[in-house]
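**Student:** Sequence first, predicted model second:
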Amino acid sequence: MLLRHAGDYDLAARTVLQAMMPAVKNLTAKFSTCGAWSRDETAAVVVAAMWERIRCYPVERRPRKVSANLTLDTRRRVWRTGHKLVHGRLPPRTKAAQG
């Protein structure tokens, strides 16, 4: 699995990011209307969050449904960051997010 090498090798991480571009575009479209950033800034925030998650994804602990997990983890990071910018605070943690 290429993601196993993404933490150490830029080319592996870049390849995974390229494969995740449909999800990045989808998240950018969804978050561009949240009011925290412009469309270009939203794209940069989503790509940065996805890149960070790719580089530190726990493959050993979460080896299945990697694409979905990367997308959901990125979505959560971007949503929390945007919520903080718009509302001046992080959203309250739910029981599901704590567990």
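**Tutor:** Sure thing, it's come through.

**Student:** Check which residues of stretch 51-59 are buried.
**Tutor:** By 16 or more other C-beta atoms under 10 Å, the buried positions in stretch 51-59 come out as Trp51, Arg53, Ile54, Arg55, Tyr57. Bear in mind the C-beta positions are built from the backbone N, C-alpha and C, glycine included.

**Student:** Quick check: helices, which of the residues you listed are part of them?
**Tutor:** Trp51, Arg53, Ile54, Arg55 (DSSP state H).

**Student:** which one of these is nearest Lys84?
**Tutor:** Using C-beta to C-beta, Arg53 comes nearest to Lys84 of these, at 18.0 Å.

**Student:** In this model Leu17 seems to touch Trp51, though I could be wrong.
**Tutor:** Yes. Contact criterion C-beta atoms under 8 Å: Trp51 and Leu17 qualify, at 5.9 Å.

**Student:** what's in contact with stretch 22-32?
**Tutor:** Under the contact criterion C-beta atoms under 8 Å, 6 or more residues apart in numbering, stretch 22-32 has outside partners 17, 37-39, 42-43, 45-47, 50, 67, 70-71, 74-75, 78-79, 82.

**Student:** Please repeat the previous calculation with a cut-off of 6 Å.
**Tutor:** Stretch 22-32 is touched from outside by Arg39, Thr42, Ala43, Val46, Val47, Met50, Thr71, Arg75, Val78, with contacts defined as C-beta atoms under 6 Å, 6 or more residues apart in numbering.
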